[in-house]
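Undergrad: curious how this folds, go ahead:
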Amino acid sequence: MKNRMIATSAGETPRGVLAEPTSPYYELLEQFNELQSYVRHSQYSANREINNYQTLLASLPVGVINVSRHHMIDVFNQTAADMLGVEMPEVPILDSLVIRQFTLSEIINHTFNTNQRQHSILNLMIDGEARQYDVSTLFHQSGSNAEVMVMLYDLTEVLKLERMQADFLANASHEFKTPLTAITGFVETLQGDAGADEETRTQFLQIVADEAKRLSALVNDILSLSRMQHKVDEKISNLEISAIVEQQLEKIDTKTVTVHNDIAPDFSVSGIASDVSTIVQNLLTNSVKYNKIDGEV
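TA: Now for the predicted structure:
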């Protein structure tokens with residue numbers, strides 16, 4: 001029994017002791033064996049929970065750090081290491097050895113000082129690159145032990161996308177405003193005395209028609225972007241560019257310029273047909289629209 005208890009305390013798998021039923025210690029030994037079996041099962045359950053916890057912690061897309069009152073880190077997942085630009089440390093480790101951002105250290109200290117959870121968006125320099133992190137802290141205390149759990153979520157790409165969307169909306173609004181202003185202005189002019197003059201009316205109506213086409217093209221561009229965002233997987237195929245150019249030229253007014261299709265017939269790219277056709281159409285439309293009279297493409 002003594003040897004078994006020493007071995008169990010040293011971390012070995014708990015084992016029982018064989019005993020003869022006639023032994024005066026038989027009942028004691030049976031109770032000891034049951035205790036060893038209970039410890040063995042408890043260790044197995046605890047190890048399984050620890051493994052599940054570690055697997056979950058490693059796979060989380062959120063950085064997780066747990067810091068004690070004595071500023072020792074006992075939980076630090078790979079995501080946190082990647083976000084802070086450090087090598088994965090062996091825990092426990094002093095927090096100042098891995099947390100080198102002053103603002104992050106301050107929010108941890110503030111959590112300890114107030115015993116209250118904190119939340120902030122921090123701008124941190126990681127390996128020379130500006131990153132934006134959503135930082136939340138949670139204070140928890142068990143007896144005399146106080147700890148702060150820190151959760152980091154990378155907002156860099158989200159905020160970048162939001163800025164891009166805001167810029168797109170601003171640019172789209174500006175692009176819409178120009179033809180709308182022209183259409184409104186010339187229509188109001190036609191509703192006045194200028195509308196009685198046939199030559200003026202014809203000229204102004206042509207301008208209105210051109211601006212309406214421009215407006216329609218802008219709407220189609222935005223609809224194309226929307227379709228791309230919601231598009232399901234489409235088939236990728238080998239596409240002959242020369243043939244696509246010829247198809248698109250049939251849809252474009254090229255009377256004012258000369259277009260030479262010098263693309264080799266066997267030149268092809270791998271892609272989605274609708275996307276490649278849109279790219280070619282945009283290139284041809286712009287090259288004709290912004291060319292000079294009797295120019296060449």
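Undergrad: follow the chain on from the helix or strand of the chain with the lowest mean pLDDT and name the next helix or strand.
TA: In the chain, no helix or strand scores lower on mean pLDDT, DSSP states H and E than helix 198-229, which sits at a mean of 82. The element immediately downstream of helix 198-229 (helix or strand, assigned by DSSP states H and E) is strand 237-240.
Undergrad: and that following strand, how far out from the chain's middle?
TA: 31 Å (C-alpha atoms, centre = their mean, to the nearest Å).
Undergrad: same deal with stretch 69-85?
TA: Centroid separation for stretch 69-85 versus its chain: 22 Å, with C-alpha atoms, centre = their mean.
Undergrad: report the buried residues of that stretch.
TA: Using 16 or more other C-beta atoms under 10 Å as the test for burial, stretch 69-85 gives His71, Ile73, Val75, Phe76, Asn77, Thr79, Ala80, Ala81, Met83, Leu84. (Glycine included, C-beta is placed from N, CA and C.)
Undergrad: so what would you say the end-to-end distance of that stretch is?
TA: Chord length of stretch 69-85, first to last residue, is 24 Å (C-alpha to C-alpha, to the nearest Å).
Undergrad: mind checking the SS state of the residue nearest the centre of the chain?
TA: Centre of the chain computed as the mean C-alpha position; nearest residue by C-alpha atoms, centre = their mean is Glu157, 5.5 Å away. Glu157 falls in the helix class when you classify it by DSSP: H, G, I helix; E, B strand; the rest coil.
Undergrad: tell me which residues of the least confident helix or strand of the chain are tucked away?
TA: Phe204, Val208, Glu211, Arg214, Leu215.
Undergrad: skipping its backbone neighbours, what lies nearest Phe240 in space?
TA: Residue 240: Glu, not Phe. Of all residues not flanking Glu240 in the chain, Ser268 sits nearest, at 4.9 Å (C-beta to C-beta, 6 or more residues apart in numbering).
Undergrad: next: Phe112.
TA: Val148 (6.0 Å).
Undergrad: tell me the SS of that neighbour?
TA: Under three-state DSSP, the three-state class of Val148 is strand.
Undergrad: do the same with the one 5 residues further on
TA: When states are read from three-state DSSP, the local structure at Tyr153 comes out as strand.
Undergrad: before we move on, back to that, which helices and strands sit right next to the least confident helix or strand of the chain?
TA: helix 156-190, helix 273-289 (3 or more C-beta pairs under 8 Å, 6 or more residues apart in numbering; DSSP states H and E).
Undergrad: packing partners of the last one?
TA: Secondary structure elements in contact with helix 273-289, counted by 3+ C-beta pairs under 8 Å, 6+ apart, are helix 198-229, strand 237-240, helix 241-249.
Undergrad: quick one, what contacts the residue nearest to Phe112?
TA: Asn66, Val67, Ile108, Thr111, Phe112, Thr137, Leu138, Phe139, His140 (C-beta atoms under 8 Å, 6 or more residues apart in numbering).
Undergrad: how about CSV for those residues, with neighbour count and pLDDT added?
TA: Listed next are the contacts of Val148 as CSV, based on neighbours: other C-beta atoms under 10 Å; pLDDT from 0 to 100:
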residue, neighbour count, pLDDT
Asn66, 19, 95
Val67, 25, 96
Ile108, 20, 95
Thr111, 22, 96
Phe112, 17, 95
Thr137, 21, 96
Leu138, 14, 96
Phe139, 16, 96
His140, 12, 93
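Undergrad: with respect to Gln165, which of those is nearest?
TA: Thr137 (30.0 Å; C-beta to C-beta).
Undergrad: which outside residues touch the helix or strand containing that closest one?
TA: Taking DSSP H and E as the criterion, Thr137 maps to strand 129-142. Residues outside strand 129-142 that contact it (C-beta under 8 Å, 6+ apart) are 63, 83, 104, 107-108, 111-112, 114-125, 146-156, 159.
Undergrad: buried ones in it?
TA: Buried residues in strand 129-142, counted by 16+ other C-beta under 10 Å: Arg131, Gln132, Tyr133, Asp134, Val135, Ser136, Thr137, Phe139.
Undergrad: could you spell out the sheet neighbours of it, each with its direction?
TA: Its sheet considered, strand 129-142 pairs with strand 118-126 (antiparallel), strand 145-154 (antiparallel) by DSSP bridges.
Undergrad: could you give me the buried positions within the longest one?
TA: Applying a neighbour-count criterion of 16+ other C-beta under 10 Å, one finds Ala146, Glu147, Val148, Met149, Val150, Met151, Leu152, Tyr153, Asp154 buried in strand 145-154.
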